[in-house]
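Chemist: coords please:
(2 chains)
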There are 2 protein chains.
Amino acid sequence: MKTKKAIVLLSGGLDSATTLAIANSQDYICYALSFDYGQRHKIELKAARQVAASLGVVEHKFICMNLDSIGGSALTDTKIHVPVSGLSKQIPVTYVPARNSVFLSLALGWAEVLSTYQIFIGINAVDYSGYPDCRPEFITAFEKMANLATKAGIEGHKFQVQTPLLNLTKAQIIQEGLRLGVDYSLTISCYQPNQAAEACGVCDACRLRANGFRALDIADPTLYIS
Amino acid sequence: MKTKKAIVLLSGGLDSATTLAIANSQDYICYALSFDYGQRHKIELKAARQVAASLGVVEHKFICMNLDSIGGSALTDTKIHVPVSGLSKQIPVTYVPARNSVFLSLALGWAEVLSTYQIFIGINAVDYSGYPDCRPEFITAFEKMANLATKAGIEGHKFQVQTPLLNLTKAQIIQEGLRLGVDYSLTISCYQPNQAAEACGVCDACRLRANGFRALDIADPTLYIS
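Modeler: Sure, this is the predicted structure:
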């Protein structure tokens, strides 16, 4: 019987679905946490629901907030276009200022209420978009802050942010997910899908995802806008 | 002419009003940030509006989020009673798990969009309720995380969390606020005010506030429930 609990950040994309499957396989009782933050691709939350139902969680919580009132990103300000010309070496305009700090802090609050000290997040440092808050040094600094911020930390508990995808390529992530039974047809990675949840195929998220399936030479289950 | 910008977290209470007055007096162009987070004392936001209007800010942003869906605090779960029997040495049930981590992270996001690197928060370590996320070591850890989390941090900017009240007693805070023209009759500190914005007079926040006025031997402008 499972006894360990964990919170898993679940966007509805390929990475977070795989992360949930990994946490499940490591015998964690999983609590999924998704965010309705004014994102352009809000339809990802439909995918998050389906992924959570498919892989199994004990609870799936949605936190809503108007991050779009801050803007500053192509994902939260529809006046800024999502880049479609391929990955560059610069931090792209799809970077959402402080998003992972906000998301992990909310996860931290729920974790403390649940008396669990494990938070899983599907960031990775190989095939990624260059976001500063997807780097291991950020995660280490967040953990340190988390242990000082909380009553649980004062009581001696140690919050850990688990990043099982950190050093995997997109292809390795997909391989691991398939091994664990993830149905990637349920997931949406695209930054600008249409209302039918079809992917654009040309944004950074679509490119990274498609490259992963291509590298493995397996069929890409993504539904693309035709 | 003022050229420096700062974000000031503004709850509508005595401390944050004083903090805004201090930031204004230090020649910052102030952007106020308030949170509608499912708090029991949501009426404090009305005070926040009045304080911002009274002291002057260039913009006052409200971020809404359902922290009450996480609960775990007397301030976000109405089933948990607000303590009224006086301050104890333990962390009280009015502690909201990870609240300042969440609030400061949201301020960080807005700060990055505004290209400002100063965030003011009215925490203090003398007359306070024993919250872990009101300690200087938490603030230092947050700043370190903030600089790793953001594009601005990578570009060499340094976010600073300014805590001008940190080492002041409540009486000293009030004295400083009065010197700077804060109208404390506009502020609400109570954890459980009624709909007329009258204070209970017996919660920790009311006691600390009343003690401050008493120590200065000046009239307390707070409207109490009669």
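
Chemist: all strands of chain A, in order?
Modeler: Applying DSSP state E to chain A gives strands spanning A:4-9, A:28-36, A:59-64, A:118-120, A:160-162.

Chemist: Out of those, which gets nearest to chain B?
Modeler: Shortest distance between chain B and the strands of chain A, using CB to the nearest CB, is found for strand A:59-64: 5.7 Å. No exception for glycine: its C-beta is placed from N, CA and C like everyone else's.

Chemist: which residues are contacting the closest one?
Modeler: Applying CB atoms under 8 Å, 6 or more residues apart in numbering or on different chains, the set of residues contacting strand A:59-64 from outside is A:10, A:31-37, A:45, A:48-49, A:52, A:106, A:110, B:64-67, B:69-70.

Chemist: Would you list the buried entries among the residues you listed?
Modeler: The neighbour-count criterion (16 or more other CB atoms under 10 Å in any protein chain shown) marks A:10, A:31-37, A:45, A:48-49, A:52, A:106, A:110, B:65-67, B:70 among the contacts of strand A:59-64 as buried.

Chemist: Next, the buried residues of stretch A:205-224.
Modeler: A:205, A:206, A:207, A:208, A:209, A:210, A:211, A:212, A:213, A:216, A:220, A:222.

Chemist: residues in contact with the most far-flung residue of chain A relative to its centre?
Modeler: No residue in chain A sits farther from the centre than residue A:155, which is 29.3 Å out by CA atoms, centre = their mean. For residue A:155, no residue counts as a contact, taking CB under 8 Å, 6+ apart as the criterion.

Chemist: Okay, helices next: where are they in chain A?
Modeler: In chain A, the segments counted as helices under DSSP state H are A:14-25, A:44-55, A:99-114, A:136-149, A:151-154, A:170-179, A:204-216.

Chemist: Can you pick out the most distant pair from the buried residues of stretch A:205-224?
Modeler: Put simply, by CB to CB the two of the buried residues of stretch A:205-224 set farthest apart are A:205 and A:216, 17.6 Å from each other.

Chemist: residues contacting residue A:36?
Modeler: Applying CB under 8 Å, 6+ apart, one finds that residue A:36 lies in contact with A:42, A:45, A:62, A:63, A:64, A:65.

Chemist: Ignore what I typed, I meant residue A:190.
Modeler: Contacts for residue A:190 were tallied using CB under 8 Å, 6+ apart; they are A:41, A:199, A:200, A:201, A:203, A:205, A:206, A:222.

Chemist: Residue A:208 is in contact with the last one, correct?
Modeler: The one in question is residue A:222. No. In this structure, residue A:222 is not within contact of residue A:208 by CB atoms under 8 Å, at 11.7 Å.

Chemist: Please enumerate the shared neighbours of the two.
Modeler: Taking CB under 8 Å, 6+ apart as the contact criterion, the residues that touch both residue A:222 and residue A:208 are residue A:189.

Chemist: residue closest to the middle of chain A?
Modeler: Within chain A, the residue whose C-alpha comes closest to the C-alpha centroid is residue A:16; the distance, by CA atoms, centre = their mean, is 4.2 Å.

Chemist: Quick check, pLDDT for residue A:88.
Modeler: Confidence at residue A:88, expressed as pLDDT, is 80.

Chemist: Quick one, grab the pLDDT at residue A:127.
Modeler: 67.

Chemist: Neighbours of the nearest residue to residue A:203 once chain neighbours are set aside, how many?
Modeler: Residue nearest to residue A:203 in three dimensions, not counting chain neighbours: residue A:191, with 4.4 Å by CB to CB, 6 or more residues apart in numbering or on different chains. Around residue A:191 there are 25 other residues, counting by other CB atoms under 10 Å in any protein chain shown.

Chemist: Contact partners for residue A:191?
Modeler: A:40, A:41, A:74, A:75, A:82, A:94, A:200, A:203, A:204, A:205, A:206.

Chemist: how does it look with 10 Å?
Modeler: Contacts for residue A:191 (CB atoms under 10 Å, 6 or more residues apart in numbering or on different chains) come out as A:13, A:39-41, A:44, A:74-75, A:82-84, A:92, A:94, A:129, A:199-200, A:202-206.

Chemist: Buried ones only from those residues, please, as a PyMOL command.
Modeler: Restricted to the buried members of those, where burial is judged by 16+ other CB under 10 Å, the PyMOL selection command reads as follows:
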select buried, chain A and resi 13+39+40+41+44+74+75+82+83+92+94+129+199+200+202+203+204+205+206
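
Chemist: ok now do residue A:170, which residues does it touch?
Modeler: Contact criterion CB under 10 Å, 6+ apart gives A:14-15, A:124, A:126-128, A:189, A:207-216 as the residues in contact with residue A:170.
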